[in-house]
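# Fold the following, please.
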Amino acid sequence: MTKQEQLDKVGNALIYLSSRITDTSKSKLLKLLYIIDELSIKKSGIPVFNLNYQVWKYGPVEKEVYTDLSENPVLLSKYVKRINKDDNNYIVPVAEFCDDEFTNNDIKLMDKVIELYGSKTAKELVAYTHRPHSPWYNKAVEKQVYEDLINERINTTDYYLEMDSIISHNETLKAIYNDFQELC
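The predicted model follows:
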């Protein structure tokens, strides 16, 4: 998947999610993107977006997407924009959803994530991504930054999640994941 194809997929996923969920803050959408990848890897060994998530205070974050959604989007401007409503910033679609980059399973998975997590607050989603033995938790503990992140002594790290840790117990899914990564 080229960088542009990845951006198109993320942009269209943001359209899909933000048009179906209320309270689409940047934090909430970033967590939902991560959860989609996590659940996809658990199910098939293949991530939907294949983003490089870093260990940050509020959970797994893909730095480039985070940065772009922090102001008026540039990379994702043909998909979404930021609006201020009731003193809160929200991400809203500026285009119609295009399913060209998605399989039927991807769409079903996004619908399942919306069903299970769409009504959760960003804070609840952060708690989910911080749960014990999650990739975020494991990497934060391994690199000895967990306490610093939780106690807000630091906000970000340069450590990347090892997404294959989600399926380390399943040799078949791990082989599929590794083959997929070699193709990218």
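# Residue 90 should be in a strand, yeah?
Yes. In this structure, residue 90 lies within a strand as judged by DSSP: H, G, I helix; E, B strand; the rest coil.
# any idea how far it lies from residue 21?
The gap separating residue 90 from residue 21 is 10 Å, by C-beta to C-beta, to the nearest Å. The C-beta positions use only the backbone N, C-alpha and C, and glycine is treated the same way.
# ok, now residue 180?
On the measure of C-beta to C-beta, residue 180 and residue 21 end up 28 Å apart.
# since we're on the closest residue to residue 56 other than its chain neighbours, how many residues are nearby?
Distance criterion C-beta to C-beta, 6 or more residues apart in numbering; nearest residue to residue 56, sequence neighbours excluded, is residue 156 at 4.7 Å. By other C-beta atoms under 10 Å, the residues close to residue 156 number 15.
# Assess the claim that residue 156 and residue 59 are in contact.
No. Residue 156 is beyond contact range of residue 59, at 11.4 Å (criterion: C-beta atoms under 8 Å).
# Quick check: mean pLDDT of stretch 100-118?
Average pLDDT, stretch 100-118: 97.
# can you pull the buried residues of it?
101-102, 106, 109-110, 113-114, 117-118 (16 or more other C-beta atoms under 10 Å).
# Count the neighbours of residue 34 for me.
Neighbours around residue 34, by other C-beta under 10 Å: 26.
# distance of residue 48 from residue 11?
From residue 48 to residue 11 the distance is 13 Å (C-beta to C-beta).
# ditto for residue 94
10 Å.
# Report the set of residues contacting both of those two.
78-80 (C-beta atoms under 8 Å, 6 or more residues apart in numbering).
# so when I look at residue 72, I'm seeing a strand, right?
No. Residue 72: not assigned to a strand; according to three-state DSSP it is coil.
# so it sits right up against residue 84, yeah?
No. If you go by C-beta under 8 Å, residue 72 and residue 84 don't touch, sitting 11.1 Å apart.
# Who has more neighbours out of these two?
More neighbours surround residue 72 than the other of residue 72 and residue 84, with 12 against 8 (other C-beta under 10 Å).
# ok, the spatially closest residue to that one that is not a sequence neighbour - how many residues close by?
Excluding its sequence neighbours, the residue lying closest to residue 72 (C-beta to C-beta, 6+ apart) is residue 82, at 5.8 Å. Neighbourhood size, residue 82 [other C-beta under 10 Å]: 15.
# same for the helix or strand harbouring residue 82, what does it pack against?
Counting by DSSP states H and E, the element that carries residue 82 is strand 80-85. Under the contact definition 3 or more C-beta pairs under 8 Å, 6 or more residues apart in numbering; DSSP states H and E, strand 80-85 sits against helix 3-18, strand 88-93.
# residue ranges for the helices of the chain, please.
3-18, 26-44, 63-70, 104-117, 122-129, 135-142, 146-150, 171-183 (DSSP state H).
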